[in-house]
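Colleague: The following comprises the amino acid sequence and a computationally predicted model.
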Amino acid sequence: MRALTSHSRVVGALMMRELITRFGRDGLGFLWLVGEPLLFCLGVLGLWALIRPEYEHGVRLGPMVMTGYMALLLLRHQIGWSLNALSANQGLLMHRGVAVLHLYLARNLLEFLGATAAFAVVYALLAALGQVGPPGDWALMYGGWILLGLMGFGLALIFAGLAQRHAVMERIVPLLTYAMIPLSGAFFMVSWLPPAAREAVLWIPLPHAVEMLRAGVFGEFVETHWNPVYASVWSGVLILFGLALTAGARDRLETE
């Protein structure tokens, strides 16, 4: 218990330091951490509202875009901010109490909290405009969002570990995150696909978490397809693989 408390204090201190170094002491700080994904999501919502009908396949456009785009932003921010987590904080590893994993945890938790707050604000705005009602299932909504965060953490560790071993990965990863857009299920419902394509998409773990999130928001009256066990197992696999890739990162930094 004492060790857990110690690790929590280190991660908390690193999160505060990250806020200060990224946004400054006199800036908006955490408000901008929330405001950045919020503005992106509102911009996409506004654009889609101009070019797309209000309903598609019986699903309202606003909450459909909100759930998909916020999920995508969470994943991309977790991955993007983890790539240079070590190089930007290399000096902190001189302290015995700071481990490599602390740096990754701090950045990922910060992005998760910022995206969660932005999601809540967008949801409240859409609810005020009559675009969405209260969540149909709070547990499903929370479960899907947390699974997305866990998968994002695993992917962030994997890409960061690969980038540390191969410098070219820092240029390739942004392209790979764009490739995640059609694979994530962010801008379509699995039920809209033909049966053969649906089965293929459900082999990918990310759509399960997104569909869980949408099942929680829309309720039982919208058809969704997801398997929480499959998504949870994949979350664990991604994190373990990421931990294996980032193991020994401190030694590689000292060698360089």
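Modeller: Okay, I see it.
Colleague: what's the span of stretch 179-198 from first residue to last?
Modeller: End-to-end span of stretch 179-198 (CA to CA, to the nearest Å): 18 Å.
Colleague: can you pull out the strands in the stretch 101-250 of the chain?
Modeller: Using DSSP state E, counting those that start in this stretch, no strands are found in the stretch 101-250 of the chain.
Colleague: pLDDT below threshold where in it?
Modeller: Confidence mapping of the stretch 101-250 of the chain against pLDDT under 70 gives the ranges 248-250.
Colleague: can you pull out the helices in this protein?
Modeller: 2-23, 30-51, 61-82, 85-88, 100-128, 138-165, 169-184, 195-201, 205-218, 228-246, 249-255 (DSSP state H).
Colleague: Present those helices as CSV; the columns should include distance to residue 94 and mean neighbour count.
Modeller: Every residue, glycine included, has its C-beta placed from N, CA and C. Below are the helices of the chain laid out as CSV (distance: least, CB to CB, whole Å; neighbours: other CB atoms under 10 Å):
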stretch, distance to residue 94, mean neighbour count
helix 2-23, 14, 14
helix 30-51, 27, 16
helix 61-82, 21, 23
helix 85-88, 13, 18
helix 100-128, 13, 20
helix 138-165, 18, 22
helix 169-184, 24, 14
helix 195-201, 46, 12
helix 205-218, 37, 26
helix 228-246, 18, 17
helix 249-255, 10, 13
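Colleague: what's the closest non-adjacent residue to residue 134?
Modeller: In this structure, residue 134 finds its nearest non-sequential neighbour in residue 127, 7.6 Å apart by CB to CB, 6 or more residues apart in numbering.
Colleague: Kindly provide the distance from the one you found to residue 150.
Modeller: Distance from residue 127 to residue 150, counting by CB to CB, to the nearest Å: 27 Å.
Colleague: Same check on residue 3?
Modeller: For residue 3 relative to residue 150 (CB to CB), the value is 22 Å.
Colleague: just residue 79 next, same as before
Modeller: 13 Å.
Colleague: Next, count neighbours for residue 94.
Modeller: 7 (other CB atoms under 10 Å).
Colleague: Just give me how far stretch 123-137 sits from the chain centre.
Modeller: From the chain centre to the centre of stretch 123-137 is a distance of 21 Å (CA atoms, centre = their mean, to the nearest Å).
Colleague: And for stretch 235-243?
Modeller: 15 Å.
Colleague: Next: stretch 68-79.
Modeller: Relative to the chain's own centre, stretch 68-79 is displaced by 4 Å; criterion: CA atoms, centre = their mean.
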